[in-house]
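A.B. asks: Okay, sequence plus prediction incoming.
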Amino acid sequence: MPTPPSQTIKLFYLSSFLKTQRFFLPVIVIFLLGRVSLFEVFIIFAAGSLARLLWEVPSGIVADISGKRRAIILSRSLYIPAFLLFGLGNDFWFFLVAQVIYETAQAFKSGTHKAYMYDYLEDRSHTEEYTTVLGNTKFYSRMGDITAALLGGFIATIHIEWVFLASLVPASANIFLAFLYPHIGRRVRMRHDRVAGHVKECYGVFKKDPLVLGLVINLGLFIFVISDAFELLVQPYLLDAGLTLFYFGMVYAAISLVAAFGVRYTKKFESILGDNLKTMQVLDILAALCLLSLFLPATLFGLIPIVILFLLHNLKSTIAVNEINKRVNRRHRATILSVRSLFTGLLGVTLLPIIGIIATLYGIRSALLLLFALMTADTLILRRAMRKERGGKKKSGRRNKRKNGRKNKRRSGEYSGTKEKRRRT
């Protein structure tokens with residue numbers, strides 16, 4: 001029986017809460033260090049990053065061609081063997097395989113669910129509600145983060161392996177929810193020529209609308225700076241500021257709580273400037289200023305810009321994804337969003353080691369200064385893409401004006417010639 005529209009939206013919200021119930025995230029490094037060396041921990045995560053990079057764009061193509069619902073079911077199903085291997089494994093190779101499977105699942109998840117939600121709303125002519133729906137899903141995700149962190153810490157004190165086995169319960173429930181999602185769009189059989197054609201079409205999207213490419217680069221760099229690089233520097237910064245480990249859980253709960261309520265009102269924030277692109281520019285500038293403020297000596301007052309940065313991250317990703325979806329055909333959305341994830345992953349592979357070296361040799365504040373420079377560059381990237389689009393529109397307008405002028409001249413010439421002939425007759 002088809003799921004009613006309002007009930008389907010509720011499924012999106014419940015699913016967003018359940019997907020964050022990974023009770024192992026607050027303790028996964030501690031868990032691994034009890035079984036393998038620190039070097040092997042880095043090798044495990046590097047293998048996972050490589051797997052995600054390799055699958056990122058192919059997963060988007062599979063979602064666009066074979067169906068986003070199928071890709072969602074596949075991604076959620078892959079978490080089960082990953083959690084089992086982590087929970088029951090006891091050596092390096094078990095954990096390496098588990099991390100590769102986990103990151104493959106993450107690759108199939110990234111962008112696909114957002115693209116599916118937009119397609120669902122588009123089918124029902126409610127695309128204007130997308131920002132609200134996506135903001136609400138992020139709200140429930142952040143509430144899930146708070147719950148998972150608190151429960152994960154509690155479970156780990158009883159038996160640390162149980163954090164993985166306990167995560168199987170919400171993961172299994174989320175697979176069941178995916179089967180309740182309605183079928184949307186037309187199913188097609190995947191063929192090599194179709195995949196090649198699809199890739200060519202997506203390349204054509206970037207060529208036809210350079211602003212889409214600018215948005216993908218801008219969002220990819222923004223997410224890398226805040227979600228990948230900055231998150232690795234937050235905990236050392238807080239230690240330098242004098243915060244004891246006892247309070248770390250409370251700080252992260254507070255960050256998630258503020259971010260949750262912030263993204264819930266994304267639509268209102270978006271309407272202040274009335275333009276997604278201008279709003280994104282403002283968010284980029286605010287993020288750069290927050291990073292610059294952290295270059296000052298570390299104090300507990302640094303918690304304020306840290307909380308703001310995570311709030312800006314959630315606002316920006318919601319608004320930017322909505323803008324990309326508006327500009328991209330539904331057949332290409334998952335692939336284009338996967339390109340964004342691929343770009344973020346490539347930045348991680350190339351820039352994270354450099355940031356790590358700077359943080360080690362010159363201190364955390366120097367690394368934060370580099371992130372400020374990257375965020376400033378990100379602001380300029382979006383500005384240039386917007387200027388390029390405006391220039392393209394002006395050229396197109398002048399071209400159309402010239403064409404219309406020539407047509408009008410021809411028409412008036414033909415008309416006057418006909419009148420002259422009539423006079424002679």
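C.D. replies: Noted; the coordinates are in hand.

A.B. asks: Give me the next element, helix or strand, following the helix or strand containing Ile306.
C.D. replies: If you go by DSSP states H and E, Ile306 is part of helix 303-327. Tracing the chain past helix 303-327, the next element assigned as helix or strand by DSSP H and E is helix 333-362.

A.B. asks: between that following helix and helix 303-327, how big is the angle?
C.D. replies: 150 degrees (axes from the mean of the first three to the mean of the last three Cα atoms, to 10 degrees).

A.B. asks: how far does helix 333-362 sit from the chain's center?
C.D. replies: 13 Å (Cα atoms, centre = their mean, to the nearest Å).

A.B. asks: counting contacts, what elements does that helix pack onto?
C.D. replies: Under the contact definition 3 or more Cβ pairs under 8 Å, 6 or more residues apart in numbering; DSSP states H and E, helix 333-362 sits against helix 38-66, helix 112-123, helix 192-208, helix 210-223, helix 231-240, helix 303-327, helix 364-424. Placement of C-beta: from N, CA and C, glycine included.

A.B. asks: Buried ones in it, by neighbour count?
C.D. replies: Within helix 333-362, the residues that count as buried by 16 or more other Cβ atoms under 10 Å are 333-345, 347-348, 351, 355, 358-359.

A.B. asks: still on that earlier bit, flag whichever of the helices and strands packed on helix 333-362 has the least confidence on average.
C.D. replies: Ranked by mean pLDDT, the helices and strands packed on helix 333-362 bottom out at helix 192-208, with a mean of 65.

A.B. asks: ok, so what distance separates Leu371 from Phe261?
C.D. replies: Going from Leu371 to Phe261 by Cβ to Cβ, to the nearest Å gives 25 Å.

A.B. asks: So these two - more neighbours on which side?
C.D. replies: More neighbours surround Leu371 than the other of Leu371 and Phe261, with 24 against 13 (other Cβ atoms under 10 Å).

A.B. asks: got a list of what that one touches?
C.D. replies: By Cβ atoms under 8 Å, 6 or more residues apart in numbering, the contact set of Leu371 is 225, 229-230, 233, 291, 355.

A.B. asks: try Ala287
C.D. replies: Going by Cβ under 8 Å, 6+ apart, Ala287 touches 222, 225-226, 309, 312-313, 316, 375.

A.B. asks: Over to Ala359?
C.D. replies: Shown in contact with Ala359 (Cβ under 8 Å, 6+ apart): 233, 236, 366-367.

A.B. asks: what's the most distant pair in these?
C.D. replies: Across the contacts of Ala359, no pair lies farther apart than Pro236 and Ser366, at 12.4 Å, counting by Cβ to Cβ.

A.B. asks: Met375 and Ala288 touch, don't they?
C.D. replies: Yes - using Cβ atoms under 8 Å, Met375 makes contact with Ala288 at a distance of 4.2 Å.

A.B. asks: Which one of the two is surrounded by more residues?
C.D. replies: Neighbour count, other Cβ under 10 Å: between Met375 and Ala288, Met375 has more, with 24 against 20.

A.B. asks: what residues are up against the more buried one?
C.D. replies: Under the criterion of Cβ under 8 Å, 6+ apart, the contact list for Met375 reads 222, 225, 284, 287-288, 291.

A.B. asks: Okay, and which of those map to helices?
C.D. replies: Judged by DSSP state H, these include 222, 284, 287-288, 291 as members of helices.

A.B. asks: Can you spell out the domain ranges of this structure, please?
C.D. replies: The chain is divided into the following domains under automatic domain parsing: 13-182, 197-393.

A.B. asks: Would you mind confirming that Arg76 is in contact with Phe179?
C.D. replies: No - using Cβ under 8 Å, Arg76 is not in contact with Phe179, being 9.8 Å away.

A.B. asks: Neighbour count: those two, which is higher?
C.D. replies: Counted by other Cβ under 10 Å, Arg76 and Phe179 do not tie: Arg76 has more neighbours, with 25 against 10.

A.B. asks: Just the buried residues of the one helix or strand that one maps to, please?
C.D. replies: Assigned by DSSP H and E, Arg76 belongs to helix 68-88. By neighbour count with 16+ other Cβ under 10 Å, helix 68-88 contains the buried residues 68-80, 82-87.

A.B. asks: Report the rounded mean pLDDT for it.
C.D. replies: 91.

A.B. asks: elements contacting that helix?
C.D. replies: helix 38-66, helix 92-109, helix 112-123, helix 162-180.

A.B. asks: residues of the third one that come out buried?
C.D. replies: This means helix 112-123. Those would be 112-122, for helix 112-123 by 16+ other Cβ under 10 Å.

A.B. asks: how far off helix 162-180 does that helix point, in degrees?
C.D. replies: Using the same axes, to 10 degrees: helix 112-123 against helix 162-180 is 20 degrees.

A.B. asks: Now do helix 112-123: distance to the chain's middle.
C.D. replies: 15 Å.

A.B. asks: Okay, angle between the helix or strand just after that helix and helix 162-180 too, please.
C.D. replies: If you walk from helix 112-123 toward the C-terminus, the next helix or strand you reach (DSSP H and E) is helix 130-158. Angle, helix 130-158 to helix 162-180, by the same axes, to 10 degrees: 150 degrees.

A.B. asks: Quick check: mean pLDDT of helix 130-158?
C.D. replies: Per-residue pLDDT over helix 130-158 has a mean of 80.

A.B. asks: Mind giving me the packing neighbours of that helix?
C.D. replies: helix 5-19, helix 112-123, helix 162-180, helix 248-264, helix 266-273, helix 303-327.

A.B. asks: buried sites along the longest one?
C.D. replies: Counting neighbours by 16+ other Cβ under 10 Å, one finds that the buried residues in helix 303-327 are 303, 305-325.

A.B. asks: Measure how buried Leu180 is and give me the count.
C.D. replies: The burial count for Leu180: 14, using other Cβ under 10 Å.

A.B. asks: An error on my part: the question was meant for Phe23.
C.D. replies: Phe23: 27 surrounding residues under other Cβ under 10 Å.
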